[in-house]
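Asks: Give me the fold of what follows.
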Amino acid sequence: MKEVFLLLGSNQGDRENFLSKALDMISEKAGTILCKSAVYETEPWGFDDPVPFLNQAIEINTGFTPAELLEQLLTIETQLGRIRPFDGCGCSVPVSYTGRTIDLDILFYGQMLVFTDHLMIPHPRLHERKFSLIPMNEIAPDFIHPLLKKTISVLLQGCADRSRVEKVELMNDK
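Replies: Predicted coordinates for the structure are as follows:
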């Protein structure tokens, strides 16, 4: 198994519905969902926005290469109304964060390292962000970051991010 982990996020429109639709579309187009975290409400990271995000980490099994998986995820984002000011992950452009209907990030693709203009795996800033680490810690606390050589739980313990991250109960969970 490849241990492919994704992070889903939404802070525009019907956030819960966008997460639900994204999960359905990932199952249809990208791979089988093996595990998913609870949903967390989180402060926007790196920009000011009055609407918090809903975030969720999932593990999938996929037959796609990392580049093919990225293409599938970008297609899903577009179909769910995401407008990107740049192509791919934005690895080669200055970082400028904004609100979005849906954001689908590849956090890890097993222990693979990918560094291109359009894709960076592992995600380059996940170890700095509690909104990534807390849901990841829920589903894979012992997963070892391939560059930092630390488990998710150790990275979470050392994370300096003080943003609010709270587990939420969604209407579909009741």
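Asks: Which residues are in contact with residue 52?
Replies: With contacts taken as Cβ atoms under 8 Å, 6 or more residues apart in numbering, residue 52 has the following neighbours: 11, 41-44, 164. Using the backbone N, CA and C atoms, a C-beta is placed for each residue, glycine as well.
Asks: and after the biggest strand by length in the chain, which helix or strand comes next?
Replies: Counting residues, the longest strand in the chain under DSSP state E turns out to be strand 53-61. Taking DSSP states H and E as the definition, the helix or strand that follows strand 53-61 towards the C-terminus is helix 66-79.
Asks: Give me the residues contacting that following helix.
Replies: Under the criterion Cβ under 8 Å, 6+ apart, external residues in contact with helix 66-79 comprise 4, 6, 22, 25-26, 29-31, 62, 64, 84, 88-89, 101-104, 106, 109, 112, 114, 116, 118-119, 121.
Asks: Can you tell me which of these are buried?
Replies: Among the contacts of helix 66-79, those classed as buried by 16 or more other Cβ atoms under 10 Å are 4, 6, 22, 25-26, 29-31, 62, 64, 88-89, 101-104, 106, 109, 114, 118-119, 121.
Asks: Among those residues, which lie within helices?
Replies: If you go by DSSP state H, these have 22, 25-26, 29 in helices.
Asks: My guess is residue 134 contacts residue 39. True?
Replies: No. Here residue 134 lies out of contact with residue 39, judged by Cβ atoms under 8 Å, at a distance of 11.2 Å.
Asks: before we move on, the earlier item: just checking, what packs against the longest strand of the chain?
Replies: Strand 53-61 is packed against strand 4-10, helix 15-29, strand 32-36, strand 39-42, helix 130-139, with contacts defined by 3 or more Cβ pairs under 8 Å, 6 or more residues apart in numbering; DSSP states H and E.
Asks: who's in contact with residue 3?
Replies: Shown in contact with residue 3 (Cβ under 8 Å, 6+ apart): 59, 108-111, 140, 143.
Asks: cool, and residue 23?
Replies: 8, 33, 36, 58.
Asks: one more time with 10 Å
Replies: Applying Cβ atoms under 10 Å, 6 or more residues apart in numbering, we find residue 23 in contact with 6, 8, 33, 36, 56, 58.
Asks: what do you get for residue 27?
Replies: Under the criterion of Cβ under 10 Å, 6+ apart, the contact partners of residue 27 comprise 33, 58, 60.
Asks: Show the buried residues in those.
Replies: Among the contacts of residue 27, those scoring as buried are 58, 60 (criterion: 16+ other Cβ under 10 Å).
Asks: Closest one of the contacts of residue 27 to residue 18?
Replies: Ranking the contacts of residue 27 by separation from residue 18, with Cβ to Cβ as the measure, puts residue 58 on top at 14.3 Å.
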